[in-house]
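Enquirer: what would the 3D arrangement of this be:
(one chain, ligands or ions: 1)
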Amino acid sequence: MIQLYIPLNFLGVIYREIKQSLADMERLFSLLDQHKEIADKPDTQALVTNGAEVRFSHVDFSYETNRQILFDVDFTIAAGTTTAVVGHSGSGKSTLSRLLFRFYDVNQGAILIDGQDVRDVTQTSLRQAIGIVPQDTVLFNDTIAYNIAYGKPGASHADIVTAAQSAYIHDFIESLPDGYNTMVGERGLKLSGGEKQRVAIARTLLKHPAILIFDEATSALDSKSEQAIQAQLKEIAQNRTTLIIAHRLSTIADAAQILVLDKGRIMERGTHMQLLAADGAYAQMWMRQQARPDEALASPLEGADE
Ligand code: ATP
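Expert: Have a look, this model is predicted:
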């Protein structure tokens, strides 16, 4: 019996391995399919920006066929101005930035940059024009200089230092034993949330994009880092078309336009003062954050419709 058990057990292992490989191949093909969907069309031209006005024109979107995420989302970010998006967790804020970056294509409507549909321009030129400071910056297991230079392959050391200085992270880097050659990432020095976000800001500054997307960290940074990052954000957003996905309303009070997203629909829009005067969901949110500033960090709309 034991003589039979070993080969049968071995066959079982092989069977599971083959099944797993097939599942992996299936996933690979579905990824390739997805990639095919957003491939450049044969006659695509490079994006040409002139101020970089961003327009979402009546956009509907779903990741999966049976669950719509965005409904008739329609707004314009005038060239060189800042628009902020606030809303419940899951309302579709980050989806807007994924669509602008063309990780996915819209189901209905269009996204235009200076009048050019993002589906009609090369992905390389599109992604060169957009800089993203994400919520949680992924650092490569490499030097801090490499991690900053990633924004612009071939950047000189002087460029890297200038970007780090503008992102107020130069002094911190210089204080490390290996300076710009310090290894960071999972296997190197662990940076705090604020330090990582500053690396991302330096990366973005080096890239010098026409459009900036700032995905504000959900988790609270200490208030000193927070203030420093907000000040830097203001600086780099100046005269640059900027989309802020905001979790703290204090960050966005001076944005040219604030959109309140609710379950994939724009529920309110206007400046901070206009929205306060409208006395709707945004005004409620603002009041709550003023009363309990620490509580409002994770999701500014939480409880707004209680
Ligand atoms: P948060 O404030 O928590 O970051 P958000 O408003 O940015 O949330 P999105 O990340 O845009 O929300 O997600 C909107 C909805 O889309 C959520 O319900 C989410 O579950 C769904 N979703 C996001 N990414 C995917 C994906 N890759 N596939 C399927 N559904 C997704």
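Enquirer: chain center to stretch 52-59, what's the gap?
Expert: The chain centroid and the centroid of stretch 52-59 are separated by 17 Å, computed with CA atoms, centre = their mean, to the nearest Å.
Enquirer: how far away is the residue most central in space within the chain from V86?
Expert: Note on the chain: the residue nearest the mean C-alpha position is P134, at 4.3 Å, using CA atoms, centre = their mean. P134 sits 17 Å away from V86, going by CB to CB, to the nearest Å. The C-beta positions use only the backbone N, C-alpha and C, and glycine is treated the same way.
Enquirer: name the SS class of K224, please.
Expert: helix (DSSP: H, G, I helix; E, B strand; the rest coil).
Enquirer: i'd like the first residue to be 40 from this point on
Expert: Happy to do that; since the first residue is 40 now, the last one works out to K263.
Enquirer: how many neighbours does it have?
Expert: 9 (other CB atoms under 10 Å).
Enquirer: hang on, the earlier thing: quick one: contacts for the residue nearest to the centre of the chain?
Expert: A239, D254 (CB atoms under 8 Å, 6 or more residues apart in numbering).
Enquirer: apply 10 Å and report the result again.
Expert: S133, S136, K235, Q236, A239, I252, F253, D254, E255, A256, I284 (CB atoms under 10 Å, 6 or more residues apart in numbering).
Enquirer: same question for T120.
Expert: The contact partners of T120, by CB under 10 Å, 6+ apart, come to G90, E92, V93, A276, N278, R279, T280, T281, A294, A295, Q296.
Enquirer: do you know how far the second one is from I150?
Expert: According to CB to CB, E92 and I150 sit 12 Å apart.
Enquirer: ok, back up a step: so which of the contacts of T120 are in strands?
Expert: When these are checked against strands (DSSP state E), the matches are V93, T280, T281, Q296.
Enquirer: residues near the closest residue to the second one other than its chain neighbours, how many?
Expert: The reference is to T280. In this structure, T280 finds its nearest non-sequential neighbour in A91, 4.3 Å apart by CB to CB, 6 or more residues apart in numbering. A91 has 21 neighbours, counted by other CB under 10 Å.
Enquirer: again, but for the one 5 residues further on
Expert: Other residues near S96 come to 16 when the count uses other CB under 10 Å.
Enquirer: list the contacts of it.
Expert: S96 is in contact with D111, V112, D113, F114, T115, V145, Q147, G148, A149, I150, L151, D156, counting by CB under 10 Å, 6+ apart.
Enquirer: number of nearby residues for the second one?
Expert: As a burial measure, the neighbour count of V112 was computed by other CB under 10 Å and equals 25.
Enquirer: ok, now the third one?
Expert: When neighbours are defined as other CB under 10 Å, D113 has 12 of them.
Enquirer: also the last one?
Expert: Burial of D156, expressed as a neighbour count using other CB under 10 Å, amounts to 13.
Enquirer: that one contacts V98, doesn't it?
Expert: No - contact criterion CB atoms under 10 Å: D156 and V98 do not qualify, at 11.8 Å.
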